[in-house]
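Chemist: Generate a structure from the sequence data that follows.
(6 chains)
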Protein chains: 6
Amino acid sequence: MFKPISENEAKGKVKEIFEEIKTARQITEVPNFWKSLANNPETLERTWTSLKQVMKKGALDPVVKELIYVAVSITNGCEYCIKSHSLAAKKKGATEEMLNEMIAVTGMANETNRLVEGYQVEVDEIYK
Amino acid sequence: MFKPISENEAKGKVKEIFEEIKTARQITEVPNFWKSLANNPETLERTWTSLKQVMKKGALDPVVKELIYVAVSITNGCEYCIKSHSLAAKKKGATEEMLNEMIAVTGMANETNRLVEGYQVEVDEIYK
Amino acid sequence: MFKPISENEAKGKVKEIFEEIKTARQITEVPNFWKSLANNPETLERTWTSLKQVMKKGALDPVVKELIYVAVSITNGCEYCIKSHSLAAKKKGATEEMLNEMIAVTGMANETNRLVEGYQVEVDEIYK
Amino acid sequence: MFKPISENEAKGKVKEIFEEIKTARQITEVPNFWKSLANNPETLERTWTSLKQVMKKGALDPVVKELIYVAVSITNGCEYCIKSHSLAAKKKGATEEMLNEMIAVTGMANETNRLVEGYQVEVDEIYK
Amino acid sequence: MFKPISENEAKGKVKEIFEEIKTARQITEVPNFWKSLANNPETLERTWTSLKQVMKKGALDPVVKELIYVAVSITNGCEYCIKSHSLAAKKKGATEEMLNEMIAVTGMANETNRLVEGYQVEVDEIYK
Amino acid sequence: MFKPISENEAKGKVKEIFEEIKTARQITEVPNFWKSLANNPETLERTWTSLKQVMKKGALDPVVKELIYVAVSITNGCEYCIKSHSLAAKKKGATEEMLNEMIAVTGMANETNRLVEGYQVEVDEIYK
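Modeler: This is a model prediction of the structure:
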């Protein structure tokens, strides 16, 4: 339905953010995700601003944040998100071993989440 | 439907695993999750064995694994899982600040996952 | 927001369906699910008609259908659905052992579904 | 596993519904969704009847209903559903601007849903 | 784990946003959602700013946006979100009839989404 | 990111499990799922062991277990899982009619799950 907005078509605010993305990520081409969001410049700007804030170094390392991001994307089954953020995780220092372990935890959490629902486990006092 | 199996009712394999859980976790009472799984001793044993293996220290720190676990549980909306593993994360060293940031990443990932679906974003060559 | 429509308030089409539900299920009180749907008589009628058709004996046994129903509800984390259809499964002949095994399969399927997403496994030729 | 039933293969009830779909939607070819459901004529008939009833003009405009439909499909990550109902929305009058805003709301709702789970927010009295 | 930050405890940025929320929503008490987010002032500010932008009148009416929001929350099974945004929808003019129809569409979309997955329906040329 | 480990590359534990899979399933080539898991030999071994235990004949027939497995995979939208386990179900004796009915139940359960959430239906006493 929506076509990605190419760098040539980008104007004003969109063009600015495209430039900022390329500089910040040290890439030569704007990824399809951002080109698609450009269909709604407000969403493009809001998402880029939020993502920068949320994924920056804080109490958690950026690589840990990327791993959490991929774990959520695996749970939601979003192919683009899994692939792009797995690469981002690697660029920030994640090893294959770390990704392997993250996948194992994600699989296991999804299993035990359903065991909890299946048995309708009541919350213990100590967890309240 | 299923009632948790109390420590008094536990026999054989179930009793053994209950003891192991208390020792490993340094707690004095078996949590409801494990008491519920005891309705199916095979599931109890398999889950305990798997969880120990998956959550142990490896390339990722146990605290990072717990944060990933909670992020998945938030995405699935499993209250028991969120509460019990948030506590586990804290016991292993997670600070409130770390939990706050993990929640922010989890929320953001869930938003952008849907932006990707909404715009049906195609995977860029560099991510393949 | 919506209050269940009590049997006393029910009129016309709604009253008729309430009676039919009690007779078909051999119960003396209409469950909250149907009382809630009665806020939209069209949804009440359509859902009751569909459910009767879908859950009736066919190539699959009604008890197998109830087990599938609960497995889906566990995956979606719908408490009411898990509880009411676990009871329905039992009434139709499901044993605790069968329910235990269904929960184990449901947990396992949720884990492996995410391993597939995590590793982005490509469909083998033989499965196409 | 299942192959779509072509219009040539269609017989009896299935053939009738295929004709009705083409007339109602003013299209010259039956979409794959309906051809696939034809593997189970009961499901085909029930779904067509339900969809007509649910999506018709009522208190809500058909275009609003299509937007809600797409929002749910985005949340579930169903490509076919997103694409076919985005087109349906457009045919019924949705503009690109409306679709852009619907996607933004859908993304946002998915984020805040997880913030609520992450912080385990208790329901305020006024919302009960 | 996290306790809501009361209005008395609120300081600086948090206090300001709390005041703004009460004024904008014409309420006398800050809802638990915002009190909980206040555990992470950055998340509080970012979410409040985003929500105002996304939910404001645009090509879509605010009441339609609230209905979409609730539809997503129903799909995710988030009780707080369903309850608080159903009330918001009503305040902005949604009738019970409109809510009833939105729920019907949401249920139906979730059913057909799974029929599409079950039959692995291929995207028709006209939807590409 | 991860490439499947081919049978030629497989060594030690991985090679052993690959052989066991081919013998148990009476197939001449290891499916991509297992080749992908081989990136993490611990996950490969644990998953194979668990799957054998969970899917074996018990109170439930293996074909019923496969149907439950597919129902969950449809709900999660996992293409590989739907396709591979639909074939497994057929090999174990599932007919097209049985698969058709399983899909109908899965769709219906997903609809009613959301009707329950939409109306926020309270659990009846008899289901507790």
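Chemist: quick check: longest helix of chain A.
Modeler: Taking DSSP state H as the criterion, chain A has its longest helix at helix A:96-118.
Chemist: does chain B sit close to that helix?
Modeler: Yes. Using CB under 8 Å from any CB of the partner chain, helix A:96-118 reaches chain B at A:97-98, A:100-102, A:104-106, A:108-113, A:115-117. Heads up, the C-betas are built off the backbone N, CA and C, glycines and all.
Chemist: For ChimeraX, what selects the buried ones among these?
Modeler: Those of the residues of helix A:96-118 next to chain B that count as buried under 16 or more other CB atoms under 10 Å in any protein chain shown are selected in ChimeraX with:
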select /A:98,100,101,102,104,105,106,108,109,110,111,112,113,115,116,117
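Chemist: By proximity to chain F, which residue of chain A wins?
Modeler: residue A:100 (4.0 Å; CB to the nearest CB).
Chemist: Provide a list of residues in contact with that residue.
Modeler: B:59, F:2, F:39, F:40, F:43 (CB atoms under 8 Å, 6 or more residues apart in numbering or on different chains).
Chemist: For chain A, list the residues in contact with chain D, please.
Modeler: Proximity of chain A to chain D is confined to A:1, A:2, A:39, A:40, A:42, A:43, A:76, A:77, A:78 under the rule CB under 8 Å from any CB.
Chemist: Enumerate every residue touching the fourth one.
Modeler: By CB under 8 Å, 6+ apart, the residues touching residue A:40 are D:100, D:101, D:103, D:104.
Chemist: Looking at those, which one is closest to residue F:84?
Modeler: Nearest to residue F:84 out of these is residue D:103 (CB to CB; 32.2 Å).
Chemist: Next, count neighbours for residue A:63.
Modeler: Counted with other CB atoms under 10 Å in any protein chain shown, residues neighbouring residue A:63 total 20.
Chemist: how about the spatially closest residue to it that is not a sequence neighbour, phi and psi?
Modeler: Residue nearest to residue A:63 in three dimensions, not counting chain neighbours: residue A:92, with 4.5 Å by CB to CB, 6 or more residues apart in numbering or on different chains. Note on residue A:92: its backbone torsions stand at phi -90, psi 0 [degrees, to the nearest 10].
Chemist: Who are the contact partners of residue A:92?
Modeler: Residue A:92 neighbours (CB under 8 Å, 6+ apart): A:62, A:63, A:66.
Chemist: Among the residues you listed, which ones are in helices?
Modeler: Secondary structure from DSSP H places A:62, A:63, A:66 of these in helices.
Chemist: pretty sure the first one contacts residue A:51?
Modeler: Read that as residue A:62. No. Residue A:62 is beyond contact range of residue A:51, at 11.7 Å (criterion: CB atoms under 8 Å).
Chemist: on that earlier part again, need the contacts of residue A:92 in CSV (columns: pLDDT).
Modeler: As requested, the contacts of residue A:92 are arranged in CSV below (pLDDT from 0 to 100):
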residue, pLDDT
A:62, 98
A:63, 98
A:66, 98
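Chemist: element containing the residue nearest in space to the middle of chain A, please.
Modeler: In chain A, the centroid-proximal residue (CA atoms, centre = their mean) is residue A:69; its distance is 4.6 Å. Assigned by DSSP states H and E, residue A:69 falls within helix A:62-76.
Chemist: So which elements touch that helix?
Modeler: For helix A:62-76, the packing partners by 3 or more CB pairs under 8 Å, 6 or more residues apart in numbering or on different chains; DSSP states H and E come out as helix A:41-55, helix A:79-91, helix A:96-118, helix B:62-76, helix B:96-118, helix C:96-119.
Chemist: quick one: is the first one near chain E?
Modeler: Yes. Applying CB under 8 Å from any CB, one finds that helix A:41-55 is in contact with chain E at A:42, A:46, A:50, A:53, A:54.
Chemist: Leaving out chain neighbours, which residue sits closest to the second one?
Modeler: In this structure, residue A:46 finds its nearest non-sequential neighbour in residue E:50, 5.7 Å apart by CB to CB, 6+ apart.
Chemist: who are the neighbours in contact with the one you found?
Modeler: Going by CB under 8 Å, 6+ apart, residue E:50 touches A:46, A:50, D:108.
Chemist: The last one reaches residue B:111, doesn't it?
Modeler: Yes. Residue D:108 lies in contact with residue B:111 (CB under 8 Å); the separation is 6.4 Å.
Chemist: before we move on, the earlier item: and which of the contacts of residue A:92 is nearest to chain D?
Modeler: residue A:66 (17.2 Å).
Chemist: Surely the closest one is in contact with residue A:54?
Modeler: No. Assessed by CB under 8 Å, residue A:66 is found out of contact with residue A:54, at 11.2 Å.
Chemist: More neighbours: these two, which one.
Modeler: residue A:66 (25 against 22).
Chemist: wait, what's in contact with that one?
Modeler: Contact analysis of residue A:66 by CB under 8 Å, 6+ apart lists A:55, A:85, A:88, A:89, A:92, A:94.
Chemist: if we go to 7 Å?
Modeler: Contact partners of residue A:66, counting by CB atoms under 7 Å, 6 or more residues apart in numbering or on different chains, are A:85, A:88, A:89, A:92, A:94.
Chemist: For the nearest residue to it once chain neighbours are set aside, report the pLDDT, please.
Modeler: Leaving aside its sequence neighbours, residue A:66 sits nearest to residue A:89 (CB to CB, 6+ apart; 3.8 Å). Per-residue confidence at residue A:89 stands at 97 (pLDDT).
Chemist: try residue A:14
Modeler: 98.
Chemist: which stretch among the helices and strands packed on helix A:62-76 comes nearest residue D:30?
Modeler: When those are compared by CB to CB, helix B:96-118 sits nearest residue D:30, at 26.0 Å.
Chemist: Next SSE downstream of the helix or strand residue A:23 falls within?
Modeler: Secondary structure from DSSP H and E places residue A:23 in helix A:12-25. For helix A:12-25, the succeeding helix or strand toward the C-terminus, using DSSP H and E, is helix A:32-37.
Chemist: Can you show me the CA trace of that next one as PDB?
Modeler: What follows is helix A:32-37 as a C-alpha-only set of coordinates in PDB (Å, rounded to 0.1, in the frame of the first residue of the first chain):
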ATOM      1  CA  ASN A  32      13.600   0.700   4.400                       C
ATOM      2  CA  PHE A  33      12.100   1.100   7.900                       C
ATOM      3  CA  TRP A  34      12.800   4.800   8.000                       C
ATOM      4  CA  LYS A  35      11.900   5.300   4.300                       C
ATOM      5  CA  SER A  36       8.500   3.700   5.100                       C
ATOM      6  CA  LEU A  37       7.900   5.800   8.200                       C
END
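Chemist: For residue A:73, which non-adjacent residue is spatially closest?
Modeler: Residue A:73 sits nearest to residue A:81 (CB to CB, 6+ apart), 3.7 Å away.
Chemist: shouldn't residue A:17 be in contact with residue A:47?
Modeler: No. Contact between residue A:17 and residue A:47 fails when scored by CB atoms under 7 Å: they sit 9.6 Å apart.
Chemist: So what's the residue count around residue A:126?
Modeler: By other CB under 10 Å, neighbour count at residue A:126 equals 12.
Chemist: quick one: secondary structure of it?
Modeler: Secondary structure, DSSP: H, G, I helix; E, B strand; the rest coil: residue A:126 is helix.
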